[in-house]
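Asker: no letters, just coordinates:
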């Protein structure tokens, strides 16, 4: 349907609406018209005479921003609408155009004919940026515009355009966070970021997420009356972190639901941990207060309620006793932040972003998969400063255990029934062998548990020669990557157990199958507890 237009005749007013393409009409429901609220931004049009034959329209575009801290929204301030396209509209078409600068200023003096005109600033970026915010119901873009003016030759018009917090200020906050991201990405990579389209409208109930389809980068953002993300900078920047990974690196995440305190596939936790870190990085580059805090409100569109949905700190971090392991996204964010952030101390390297970006933007794209193991391996390969203290702080156990070397049957560690030990798979290709004396007719259970850093164990029981397989276990069931073998001894003798990271089963294994259902191994590190019991 057509968007209703309510023209304001007073020169002191501004008119805010969503526009369609470069034309004069627009569709979908109107956001309404409003001058700025709260005294933060104000809009006006003033006329002053000048000599010459041309018509000039210049001015400033601003939007009302909602400030926040870890407790939710705290107030409103006024920010420039930066690097957005400026259009002078005459007879339903664009007659002249420009782009706002870093301060939201603009000036247009070429191509304007005498007559009825107005100027608008649209949610579409100009060079050197490439971004657009649209209503995905009809692909209309948004704008803040002046009242109509009757321009005469030789006149200079000055317009101060202001997007209200209750109106398209929401859109221009989304827009500005994208501009900030692309600015940081350009400085990190040396190349301009490709076009990204953000979809939002007041009342939008589709979830918040990044997607890449048909060579098109998209972020969808909630606009629900009970939870709008338009002023949730952390949420917007997190999704832009996924965009950065798609454009400049690699994202191997299998997707799926996840919680901050949960433990998941390390490809997922790298993707989500990177995205949260990247949002904090952007805020830090722009010298924002407490950039390490991720804040998500459930305020409604516009002024809304300032109720906090949740917030967490990647520096301390929040949920510290649970934010452990490479298979936890907050732990991943924390390590990255402690590499980057100042000041340097026992767990902060304060190295800035260059080395992280080298691994992220150059090394990971050439790797098989993107996960924290890959980041760690490439970091070490570059001979960068040790991460040992940072990893230990988050209980990431990328170090050989004290039982090495036990990589063969000949060096197997003796373990007795009724005991348990914690072992790591480190370095790469590490396997652990155990030997146990068994009694004929007795039942023995060999079990792995308390898996960490995304470990996925494979247990194989060997006869006294160390080569003949007696039993094998990959996963106990569909809910765990732990393994368990229960076996009745057929003689009194010494047998061997080999524990290794999961690998696609090969010919000769008891569980071998030619089926393509055996997946490629993802995790090569990790830690586990092995226990032996006998009733």
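Answerer: Yep, that arrived. Since we're looking at a predicted model, the values are computed, not measured. Numbers count the residues shown, from 1 in each chain.
Asker: over to residue 278: give its phi and psi.
Answerer: In this entry, residue 278 is assigned phi and psi values of phi -60, psi -40 (degrees, to the nearest 10).
Asker: quick check: buried residues in stretch 345-358?
Answerer: Residues of stretch 345-358 classed as buried: 348, 349, 351, 353, 355, 356, 357, 358 (neighbour count, 16 or more other Cβ atoms under 10 Å). Where you see a C-beta, it was placed from the backbone N, CA and C, and this is true even at glycine.
Asker: one more: stretch 391-400?
Answerer: Those would be 391, 393, 394, 395, 396, 397, 398, for stretch 391-400 by 16+ other Cβ under 10 Å.
Asker: in helices, which of the residues you listed fall?
Answerer: In helices, defined here by DSSP state H, the members of the buried residues of stretch 391-400 are 391, 393.
Asker: which of the buried residues of stretch 391-400 sits closest to residue 57?
Answerer: residue 394 (55.4 Å; Cβ to Cβ).
Asker: skipping its backbone neighbours, what lies nearest residue 372 in space?
Answerer: With Cβ to Cβ, 6 or more residues apart in numbering as the measure, residue 326 is the residue that lies nearest to residue 372, at 4.2 Å, once sequence neighbours are left out.
Asker: tell me which element residue 74 falls in.
Answerer: strand 72-80 (DSSP states H and E).
Asker: which elements pack onto that strand?
Answerer: Applying 3 or more Cβ pairs under 8 Å, 6 or more residues apart in numbering; DSSP states H and E, one finds that strand 72-80 makes contact with strand 56-69, strand 293-297.
Asker: export those to TSV and tack on distance to residue 190 and mean neighbour count?
Answerer: Supplementary listing: those in TSV, determined by distance: least, Cβ to Cβ, whole Å; neighbours: other Cβ atoms under 10 Å:
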stretch	distance to residue 190	mean neighbour count
strand 56-69	29	23
strand 293-297	28	23
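Asker: turn those into a markdown table, including mean pLDDT and distance to residue 403.
Answerer: As requested, the helices and strands packed on strand 72-80 are exported to a markdown table (pLDDT from 0 to 100; distance: least, Cβ to Cβ, whole Å):
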| stretch | mean pLDDT | distance to residue 403 |
| --- | --- | --- |
| strand 56-69 | 93 | 48 |
| strand 293-297 | 95 | 39 |
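Asker: on the pLDDT front, check residue 72 for me.
Answerer: Listed pLDDT for residue 72 reads 87.
Asker: pretty sure it sits against residue 307.
Answerer: Yes. Counting by Cβ atoms under 8 Å, residue 72 sits close enough to residue 307 to count as a contact (6.4 Å).
Asker: neighbour count: those two, which is higher?
Answerer: For residue 72 versus residue 307, neighbours defined as other Cβ atoms under 10 Å are more numerous around residue 72 (18 against 13).
Asker: which SS state does residue 421 fall under?
Answerer: Residue 421 falls in the strand class when you classify it by DSSP: H, G, I helix; E, B strand; the rest coil.
Asker: tell me the bridge partners for it.
Answerer: For residue 421, the residues forming beta bridges with it (DSSP bridges) are residue 530.
Asker: residue contacts, it?
Answerer: 403, 413, 415, 529, 530 (Cβ atoms under 8 Å, 6 or more residues apart in numbering).
Asker: redo that, cut-off 7 Å
Answerer: When the contact criterion is Cβ atoms under 7 Å, 6 or more residues apart in numbering, the partners of residue 421 are 403, 415, 530.
Asker: do the same with residue 449
Answerer: With contact taken as Cβ under 7 Å, 6+ apart, residue 449 is in contact with 482, 529, 531.
Asker: so the residue nearest the centre of the chain: helix, strand or coil?
Answerer: Among the residues of the chain, the smallest C-alpha distance to the mean C-alpha position (Cα atoms, centre = their mean) belongs to residue 275, namely 2.3 Å. The three-state label for residue 275, taken from three-state DSSP, comes out as helix.
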